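Novice: Got a predicted model here, sequence first, then my questions.
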Amino acid sequence: MRIGIVCYPTFGGSGVLATELGKALADKGHSVHFITYQQPVRLNVFNSNIHYHEVRVPTYPLFDYPPYEVALASTMVDVILNHDLDLLHVHYAIPHASAAYLAKKIVEKEGRTVPFITTLHGTDITLVGKDKTYAPVVTFSINESDAITAVSNNLREETYRSFKITKEIEVIHNFVDVARFSKKPIDAFRQVIAPAGEKIIVHASNFRKVKRVQDVVKIFAEIRKNMPAKLLMVGDGPERPAMEDLAKSLDVFDDIRFLGKQEQMEEILVVSDLFLLPSEYESFGLAALEAMAAGMPLISTNAGGLPEINIHGQTGYLANVGDVKTMSDDAVAILSDDEKLSTFKKNAFEQASRFDIHNIIPIYEKLYSRFCRLDDGK
Ligand code: GMT
């Protein structure tokens with residue numbers, strides 16, 4: 001099949017998922033065309049089945065806001081016609097679904113029918129999409145999609161609750177390449193981070209309000225009262241200054257390392273002991289799934305789709321949003337009992353294996369095959 005993938009090229013979960021999906025499809029022999037404004041961060045491999053098309057947005061003095069959606073739709077039209085795409089798969093509704101609708105209508109005038117599939121990822125529904133400024137266009141373009149998928153049961157229900165959706169939303173969970181994340185740990189790296197054998201705690205996100213990174217620091221401070229430990233903060237974002245101030249006031253700043261945005265997450269995760277994700281909302285929690293594939297138990301909230309991956313009392317613990325005390329107590333309970341830690345690590349790995357890339361990619365392929373032209377033998 002010839003598939004166009006549209007996504008955000010950044011470190012965010014939707015872009016990572018879309019890129020890993022495209023890479024896996026290319027490995028299986030499909031021709032994959034990424035259409036984005038920048039090379040996606042995880043698109044770091046050469047594969048002759050992968051093509052990249054940059055969306056250029058010309059500026060003009062009249063434009064206070066350069067019309068990205070128009071440039072994107074035009075690029076989609078160009079790629080559909082010149083590379084004879086079978087379908088478009090757009091990740092994150094805004095503005096990708098409405099741009100795909102526009103491209104679809106334009107190529108129809110040329111006698112080409114190109115279906116588009118929209119995958120909903122989370123904040124496109126729960127935060128941004130709900131905003132009155134966007135909601136009518138989001139509702140329309142989701143309903144006009146030839147197929148709609150959501151990354152968790154929770155997001156599917158949230159979408160029906162928040163928008164007048166007249167079509168079926170299919171759930172295809174996030175996935176992880178377990179083989180990549182379950183590599184043997186590099187002892188030297190652990191030595192550098194935790195020279196005295198301290199426990200290593202990790203959080204990874206875009207440090208936005210929805211992630212409640214201050215809770216990460218508060219939980220870590222409680223852990224530190226009970227045992228020597230280090231906190232690795234992966235990523236960056238708007239809440240970082242407030243988080244740093246809090247870490248200083250709780251006297252744990254020196255035990256926290258800010259690693260910034262990292263491409264080789266697996267190397268950090270395999271040497272670590274526990275992952276913290278106290279988010280306000282998480283449609284799924286791809287970062288947590290990657291951690292679990294590296295054999296890390298998870299302390300998370302019970303928000304959104306997190307209970308779909310984190311099994312309370314087996315792979316980690318769930319708590320209400322903001323319940324720092326419970327999350328701290330649970331973290332200490334896992335970390336201070338070696339036998340429990342190793343059982344939870346094993347359970348976390350087994351749970352992640354259920355979402356292995358090899359289980360999920362065929363589901364996408366089956367979905368695509370429903371929309372492929374059968375008249376030319378593809
Ligand atoms: O919140 C993020 O980390 C970024 C965000 C995005 O849109 O890129 O992630 C969303 O999509 C991921 C992939 O499907 C999900 O695993 C994340 O849970 C989801 N984030 C939220 O719902 C807040």
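Specialist: Yep, it's here.

Novice: Identify each buried residue in whichever helix or strand residue 258 is part of, please.
Specialist: Using DSSP states H and E, residue 258 falls within strand 256-260. Buried residues in strand 256-260, counted by 16 or more other C-beta atoms under 10 Å: residue 256. C-beta here means a position set from N, CA and C on the backbone, and glycine is covered the same way.

Novice: What of stretch 358-367?
Specialist: 360-361, 364-365, 367.

Novice: Out of those, the closest to the ligand would be?
Specialist: residue 360 (11.7 Å; C-beta to the nearest ligand atom).

Novice: The nearest residue to the closest one once chain neighbours are set aside: neighbour count?
Specialist: Take residue 360 and drop its neighbours on the chain: the residue closest to it by C-beta to C-beta, 6 or more residues apart in numbering is residue 175, 3.7 Å away. Look at residue 175: counted by other C-beta atoms under 10 Å, it has 25 neighbours.

Novice: before we move on, back to that, packing partners for the strand holding residue 258?
Specialist: strand 229-235 (3 or more C-beta pairs under 8 Å, 6 or more residues apart in numbering; DSSP states H and E).

Novice: Okay, now the sheet partners of the strand it packs on, with direction.
Specialist: strand 199-205 (parallel), strand 256-260 (parallel) (DSSP bridges).

Novice: Export those strands to TSV and append columns for mean pLDDT and distance to the ligand.
Specialist: Output for the strands paired with strand 229-235, formatted as TSV (pLDDT from 0 to 100; distance: least, C-beta to the nearest ligand atom, whole Å):
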stretch	mean pLDDT	distance to the ligand
strand 199-205	97	6
strand 256-260	95	15
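
Novice: Please identify which of those strands is closest to residue 110.
Specialist: Nearest of the strands paired with strand 229-235 to residue 110, taken as C-beta to C-beta: strand 199-205 at 42.7 Å.

Novice: in that closest one, what's buried?
Specialist: Those would be 199-205, for strand 199-205 by 16+ other C-beta under 10 Å.

Novice: could these be laid out in a markdown table, adding distance to residue 3?
Specialist: Output for these, formatted as a markdown table (distance: C-beta to C-beta, whole Å):
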| residue | distance to residue 3 |
| --- | --- |
| 199 | 43 |
| 200 | 39 |
| 201 | 39 |
| 202 | 33 |
| 203 | 34 |
| 204 | 28 |
| 205 | 29 |
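
Novice: tally of neighbours for the residue in the stretch 101-250 of the chain that the ligand sits nearest to?
Specialist: Among the residues of the stretch 101-250 of the chain, residue 122 lies nearest to the ligand; the distance is 2.4 Å by C-beta to the nearest ligand atom. Look at residue 122: counted by other C-beta under 10 Å, it has 29 neighbours.

Novice: pLDDT score for it?
Specialist: Residue 122 is assigned a pLDDT of 90 by the prediction.

Novice: Pretty sure it sits against residue 285.
Specialist: No - counting by C-beta atoms under 8 Å, residue 122 stays clear of residue 285, with 9.4 Å between them.

Novice: anything in contact with each of the two?
Specialist: The contact sets of residue 122 and residue 285 overlap at residue 304 (C-beta atoms under 8 Å, 6 or more residues apart in numbering).

Novice: give me every residue that touches the closest residue to residue 335 other than its chain neighbours.
Specialist: Spatial nearest neighbour of residue 335, chain neighbours left out: residue 199 (5.0 Å); criterion: C-beta to C-beta, 6+ apart. Each residue near residue 199 by C-beta under 8 Å, 6+ apart is listed here: 223, 227-230, 273-274, 335.
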